[in-house]
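>>> Here you go, sequence then predicted model.
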Amino acid sequence: MAKDKNINKRISELREMILRHNDLYYIDGLPEISDNKYDELVRELKALELQYPEYVSSDSPTQTVGAPIPDKFEKVQHVTPMLSLESINDSLGANHFDQVCVKELGESIDYLCEPKLDGLSVELVYENGIFTRAATRGDGMTGEEVTLNVRTIGNVPKRLKSSDAPKHLAVRGEVMMHIKDFQELNKRRIEQNGDVFANPRNVAAGSMRQLDARVTARRKLHVYCYQILAFSGNAPTTQFEAMKLLKQMGFDVSPNMKHCRNIEEVKEYHHNMEAVRDDLNYEIDGIVVKVNKIKFQEKLGTRTTNPKWAVAYKFKPRKEITRLEDIIVQVGRTGVITPLALLQAVEVGGVTVSRATLHNMDQIKKLGVKIGDYVKLHRAGDVIPYIAEVVKEKRTGKEKEFHMPSKCPSCGAKVEWENVFCRCPAGLACPAQLKETIIHYTSKGAANIDGFSVKTVELLYSKGLIRNISDIYSLNSSDLLKLEGWKEKRTNNLLEAIEKSKNIALDRFIFGLGIRNVGKHIAFLLAKRFGNLENIISADRDRIVAVKEIGPEITDSIIDFFNVSENIKEIKRLKNAGVVVVESKLVSKGRLLEKKFVFTGTLEKLTRQEAKDLVESKGGEVVSSVGKDVDFVVAGKKAGSKLKKAKEKDIKVLSEEEFMKLVGR
Ligand code: IVH
């Protein structure tokens, strides 16, 4: 019995670890352990599951990890046809829908209203409470099996919560991506290869179409459920109850639903939802009105493809059509040249839009957009408006194709291509890049020098007063007072702000240098780990890549930056001008710097998190497995295999008390 308990515990432990590392690898893109170590964990779990089949469950990561990648999706027959909804657009349509229902039933009706989620419809099937199958809607009768993909979605219960789960259950829901995650994903894609998704729905649909479920696992998707398709046992009698039951069983259901007593309340709900549409964290394009009582639903029945008991009550479209008058290009701080569409100004969802980024040539090709085209602009939630499609029917034949320039529009250097990116290689010799670099260095998160607006930087540049960052510190009142509109007060304010910025914290300075891929957070991690500028400059690749959250790509950018002698000279010039980079206080130079710890067993005085925080606050790191690079294994009560491993590998083992002493507690 005790042995069984231990095995079950180890299996759960392994599953948890593997799922965590899956997230780190696929979602965050920041793996903490090597592929070998990961494979070791999977191997151990598989071996245990093979030996103890009673502990195998379909929510185990072994069910997806290492599963062969299919070359096509299997077709599956739906449990009951997955119907679609008829649409109405206004209150007249709503009245008509209500009147038809009332006439048919001879009674007044209450409705359940839900947001019409703009994602991809899926059917989820559970047998004896275990998730067994997922399928897309397809033609409504047959869909494609996407079980492995849906299994990677965190909020889909793999096992129903209820102790008396129905023997058979089929539910319908919508695969969605939250707007915040969509923006993050696109941001990352722009940083990596520029290939962007047009909207969250496309991501959801594209993710379900992935044959390799590991790609789907990388996307932060959610499923919201809104219909019970089949239920063995005492089925709920209203849609409202059905939703409550779904929730109890562990599903996330349509958020913001409302029980409306009559059609007037339905119209009010529609109005309210349209008003808050932009504040929601997911995309909706209307509401769904459902007759609440299931017996009424059954009485009303269905047409060939639509139920008579439900209707989609749409919002006004947010797509606006306007003319793309020109495409210009902009040179960013890192030299990337991006095309920007200049549009005839138009209001989209309450915002006047006259520009929209086209990201890169790939996007232009995908859209097939030409100068002079009419385009549909779309605004999803608070997403910056973007060009969703070209209205090809409006073409006159006079539209002109756009080509990226062969020379940088700012400095004339020959552009270089890196995948879909067009880049000016001139660095700070390119005025556009220099100006952006100075704006970045003086920005709030870096040197925080108030007064360096785009206009001021343009002016200082045009007068030849700045040619690199360090020139900021050579500005003087006689130069500034000569500038148009610059009087004593403004001049003094700027010079004071410059003087104040001379003492700058290490992380701000690193961020301010504008190293590619080094944002505020990475700058902070570097400062925390290395303590001072010299340590960072001299750190080799291995030491940088060993910093948690810093991957190989970021490491390369850092190494490349400090390998450029002009960058080192510029840092020297800044120092000579009086800039003092303040060492990071976060790093203790004590014996924990760079030390690796593994915790095993139960600690009595500290939680694991507290212990981890303590180690990190002293510059050390906590890792999960006992490799030979580990310096200390802290063994609490009931320490297990890790303690054994530490002894085998001759790694120093500390008791909790000894650990407390070491960290000065
Ligand atoms: S109920 C028979 N409820 O809208 C009724 N559908 O054409 C089946 N949808 O394909 C649908 N949110 O993908 C229902 N709260 C909701 C929904 C919803 C979005 C989608 C669903 C369907 C389409 C209607």
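Perfect, I can see it now. These figures come from a predicted structure and were not determined experimentally.

>>> can we go C-alpha only for contacts and neighbour counts from here?
Noted.

>>> quick one: Leu14 and Glu40 touch, right?
No: if you go by CA atoms under 8 Å, Leu14 and Glu40 don't touch, sitting 10.3 Å apart.

>>> who has more neighbours, those two?
Leu14 (19 against 12; other CA atoms under 10 Å).

>>> Now do the same contact list for that one.
Leu14 is in contact with Leu41, Val42, Leu45, counting by CA atoms under 8 Å, 6 or more residues apart in numbering.

>>> So which bits of the stretch 251-400 of the chain are right by the ligand?
Ser254, Val288, Pro307 (CA under 6 Å from any ligand atom).

>>> Look up the closest residue to the last one, ignoring the ones flanking it.
Just to be clear, that refers to Pro307. Distance criterion CA to CA, 6 or more residues apart in numbering; nearest residue to Pro307, sequence neighbours excluded, is Gly301 at 6.3 Å.

>>> State the distance from the one you found to Glu104.
Distance, Gly301 to Glu104, using CA to CA, to the nearest Å: 11 Å.

>>> Can you tell me the number of residues neighbouring the residue nearest to Pro307?
Using other CA under 10 Å: Gly301 sits among 12 other residues.

>>> cool, Lys299 as well?
13.

>>> secondary structure element for it?
Per DSSP states H and E, Lys299 falls inside helix 294-300.

>>> Tell me which residues are up against that helix.
The contact list for helix 294-300 (CA under 8 Å, 6+ apart) reads Cys101, Glu104, Leu105, Pro236, Thr237, Thr238, Gln239, Val291, Lys308, Trp309.

>>> Just the buried residues of those.
Neighbour-count burial within the contacts of helix 294-300 applies to Cys101, Pro236, Thr238, Gln239, Val291, Lys308, Trp309; the criterion is 16 or more other CA atoms under 10 Å.

>>> For the stretch 401-550 of the chain, which segments count as helices?
For the stretch 401-550 of the chain, the helices defined by DSSP state H, counting those that start in this stretch occupy 431-441, 454-462, 477-481, 488-500, 506-512, 520-530, 533-538, 541-545.

>>> So which of the contacts of Leu14 belong to helices?
Mapping the contacts of Leu14 onto helices (DSSP state H) picks out Leu41, Val42, Leu45.

>>> still on that earlier bit, could you redo the helices of the stretch 401-550 of the chain as CSV and give each row mean pLDDT?
Shown next, in CSV, are those (pLDDT from 0 to 100):
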stretch, mean pLDDT
helix 431-441, 95
helix 454-462, 93
helix 477-481, 95
helix 488-500, 96
helix 506-512, 94
helix 520-530, 88
helix 533-538, 95
helix 541-545, 92
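
>>> Give me whichever of those is most buried.
Highest mean neighbour count of the helices of the stretch 401-550 of the chain: helix 506-512, a mean of 25 (counted as mean count of other CA atoms under 10 Å).

>>> which other helices and strands contact it?
Contact here means 3 or more CA pairs under 8 Å, 6 or more residues apart in numbering; DSSP states H and E; on that basis helix 506-512 packs against helix 431-441, helix 520-530, strand 580-582.

>>> Phe182 reaches Asn202, doesn't it?
No: the pair Phe182 / Asn202 is not scored as a contact, 10.1 Å apart, by CA under 8 Å.

>>> So between these two, which is more surrounded?
Phe182 (25 against 16).

>>> got the residues of this protein near the ligand?
Within the chain, the residues that sit near the ligand (CA under 6 Å from any ligand atom) are 83-85, 114-118, 120-121, 174, 226, 254, 288, 307.

>>> Of these, which belong to strands?
Glu114, Pro115, Lys116, Leu117, Leu120, Ser121, Glu174, Tyr226, Val288 (DSSP state E).

>>> from those, which single one is nearest His259?
Glu114 (8.8 Å; CA to CA).

>>> Report how many residues lie close to the closest one.
24.

>>> before we move on, back to that, name the nearest of the contacts of Leu14 relative to the ligand.
Among these, Val42 lies closest to the ligand (CA to the nearest ligand atom), at 35.9 Å.

>>> okay, now the closest one: neighbour count?
A count of nearby residues for Val42, using other CA under 10 Å, gives 20.

>>> sorry, back to before: can you add pLDDT, distance to Val79 and neighbour count and give the residues of the stretch 251-400 of the chain next to the ligand back as a markdown table?
Converted to a markdown table, those look like this (pLDDT from 0 to 100; distance: CA to CA, whole Å; neighbours: other CA atoms under 10 Å):
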| residue | pLDDT | distance to Val79 | neighbour count |
| --- | --- | --- | --- |
| Ser254 | 86 | 21 | 20 |
| Val288 | 98 | 22 | 23 |
| Pro307 | 96 | 16 | 19 |
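
>>> The top helix by length along the chain - what's its average pLDDT?
In the chain, assigned by DSSP H, the helix with the most residues is helix 2-22. When pLDDT is averaged along helix 2-22, the result is 81.

>>> so where's the stretch 301-450 of the chain uncertain?
349-350, 380-383 (pLDDT under 70).

>>> In it, mark out all the strands, start to finish.
Taking DSSP state E, counting those that start in this stretch as the test, the strands found in the stretch 301-450 of the chain are 310-314, 320-331, 336-348, 351-357, 374-378, 386-390, 416-418, 421-423.

>>> So what touches the last one?
Contacts of strand 421-423 from elsewhere in the structure, counted by CA under 8 Å, 6+ apart, are Asn193, Gly194, Gly335, Val336, Ile337, Thr338, Asn360, Met361, Met404, Val415, Glu416, Trp417.

>>> Tell me what the closest residue to the last one other than its chain neighbours is bridged to.
Taking CA to CA, 6+ apart as the measure, Trp417 lies nearest to Arg423, with 6.1 Å between them; neighbours along the chain are not counted. Applying DSSP bridges to Arg423 gives these bridge partners: Val336, Glu416.

>>> what's the distance between the residue of the chain positioned farthest from its centre and Gln99?
In terms of distance from the mean C-alpha position of the chain, Gly106 ranks first, at 50.1 Å (CA atoms, centre = their mean). According to CA to CA, Gly106 and Gln99 sit 10 Å apart.

>>> Same question for Thr600.
Per CA to CA, Thr600 is found 68 Å from Gln99.

>>> do the same with Asp90
Distance from Asp90 to Gln99, by CA to CA: 15 Å.

>>> again with Cys430
For Cys430 relative to Gln99 (CA to CA), the value is 69 Å.

>>> ok, the two, which is more surrounded?
For Cys430 and Gln99, the more surrounded residue by other CA under 10 Å is Cys430, and the numbers stand at 21 against 16.

>>> tell me the contacts of the residue nearest to Pro307?
Here Gly301 is in contact with Pro307, Lys308, Trp309 (criterion: CA under 8 Å, 6+ apart).

>>> The last one is in contact with Lys290, isn't it?
If I follow you right, that is Trp309. Yes: counting by CA under 8 Å, Trp309 does reach Lys290; the two are 6.0 Å apart.

>>> Buried residues, the longest helix of the chain. List them.
Quick answer for helix 2-22 (16+ other CA under 10 Å): Ile7, Asn8, Ile11, Leu14, Arg15, Met17, Ile18, Leu19, His21, Asn22.

>>> if we can go back for a sec, can I get the strands of the stretch 301-450 of the chain in CSV including mean neighbour count?
Converted to CSV, the strands of the stretch 301-450 of the chain look like this (neighbours: other CA atoms under 10 Å):
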stretch, mean neighbour count
strand 310-314, 23
strand 320-331, 20
strand 336-348, 19
strand 351-357, 16
strand 374-378, 22
strand 386-390, 20
strand 416-418, 13
strand 421-423, 22
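
>>> where's Ala242, which helix or strand?
helix 239-248.

>>> List of residues touching that helix?
112, 161-162, 225-228, 235-236, 252-253, 259, 290-294.

>>> For Asp507, see how far away Asn149 is.
Counting by CA to CA, the gap from Asn149 to Asp507 is 40 Å.

>>> same check, this time on Leu120
For Leu120, the distance to Asp507 - CA to CA - is 43 Å.

>>> Could you do Arg303 as well?
Here Arg303 is placed at a distance of 64 Å from Asp507 (CA to CA).

>>> next one: Val622
Taking CA to CA as the measure, Val622 falls 22 Å from Asp507.
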